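K.L.:
Next input, structure requested:
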Amino acid sequence: MNIFVLLKRTFDTEEKIMIDGGRIEDEGAEFIINPYDEYAIEEAIQLRDEHGGEVSVITIGEEEAEKQLRTALAMGADQAYLINTEDDLEEGDQFTTVKILEAFFEDKEADIILAGNVAIDEASGQVGPRLAERLDIAYVTTITSIKVDGETVNIERDVEGDVEKVETKLPLLVTCQQGLNEPRYPSLPGIMKAKKKPLEEIELDDLDLDEDDVEPKTKTIELFLPPEKEAGKVLEGEVDDQVKELVTLLRDEAKVL
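P.N.:
Predicted structure coming up:
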């Protein structure tokens, strides 16, 4: 089984993020594998162990993304691809990403492609479904269970707190949700093996693409942090007095009444 995982390098949102001039300050920021992509990596490894085949991990970005790819290899993936856009692309959006991935998969025979449900930096959830449409294969989003039996695939997906059961066929793209599995930590032997596993670097030219082909369709005007929360207020006195004060605060200060 040929299994591919789409990986994104994202900011670690547990660290303090600095905004300068309407842009996130990269210098000193911590980067990680998008957490939802970790579920995709883990599920890909389990599918390979059960059905055989290889797990390939792909990311688009700069040279620094090799660190996250090596982490995926240390978890158990077999090989990795870095589509390096450092010298060719200043800005990109979901259209850009899908256009590049479509070209990458043009000569690949993928049985199943796994991705995270969303990326925690932009949370658009667009790349997986749009790629599946371009590749003309089936796709199921926000999955929490997947069972493959030959060409038949039985899936459970999260639907607003409920579960939907889906039966479909390979080839297939799925996006992975929390609850699908528990991603493993890279072991020391896995980290050592990862150093020798193949990691291929690809340029846009190798995919017969130029800058005009992948020009983004959207533009980010500005990024900003949410306002700091004000300290809460504790209402005291009799219940009737507290209710009156609460109504006054909601009307005059919060402006919600």
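
K.L.:
what's the pLDDT at the nearest residue to Thr59 once chain neighbours are set aside?
P.N.:
With Cβ to Cβ, 6 or more residues apart in numbering as the criterion, Thr59 has its nearest non-adjacent residue at 4.5 Å, and that residue is Leu7. (C-beta placed from N, C-alpha, C; glycine too.) For Leu7, the pLDDT comes out at 96.

K.L.:
pretty sure Leu7 is touching Glu66, no?
P.N.:
No - contact between Leu7 and Glu66 fails when scored by Cβ atoms under 8 Å: they sit 11.4 Å apart.

K.L.:
More neighbours: the two, which one.
P.N.:
Remark: of Leu7 and Glu66, Leu7 carries more neighbours, 29 against 17, as counted by other Cβ atoms under 10 Å.

K.L.:
which secondary structure element contains Ser102?
P.N.:
No, residue 102 isn't Ser; it's Glu. In this assignment (DSSP states H and E), Glu102 forms part of helix 94-104.

K.L.:
CA atoms of the helix or strand that comes right after that helix as PDB?
P.N.:
Next helix or strand after helix 94-104 toward the C-terminus (DSSP H and E): strand 112-116. Listed next in PDB are the C-alpha coordinates belonging to strand 112-116 (Å, rounded to 0.1, in the frame of the first residue of the first chain):
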ATOM      1  CA  ILE A 112      -4.400   6.600   0.600                       C
ATOM      2  CA  ILE A 113      -3.400  10.200   1.500                       C
ATOM      3  CA  LEU A 114      -3.700  11.300   5.100                       C
ATOM      4  CA  ALA A 115      -3.700  14.900   6.400                       C
ATOM      5  CA  GLY A 116      -4.600  16.800   9.500                       C
END
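
K.L.:
Offset the numbering so it begins at 564, please.
P.N.:
Understood, numbering begins at 564; the last thing we discussed is strand 675-679.

K.L.:
Mind listing the strands strand 675-679 pairs with, and their directions?
P.N.:
Within its sheet, strand 675-679 is paired with strand 565-569 (parallel), strand 735-739 (parallel), according to DSSP bridges.

K.L.:
Helices of the stretch 714-820 of the chain, residue ranges please.
P.N.:
Listed in chain order, the helices of the stretch 714-820 of the chain (DSSP state H, counting those that start in this stretch) span residues 751-757, 802-815.

K.L.:
Please spell out which residues along the shortest one are buried.
P.N.:
I take that to be helix 751-757. Gly753, Ala757 (16 or more other Cβ atoms under 10 Å).

K.L.:
could you say what helices and strands it packs with?
P.N.:
Helix 751-757 sits against helix 629-638, with contacts defined as 3 or more Cβ pairs under 8 Å, 6 or more residues apart in numbering; DSSP states H and E.
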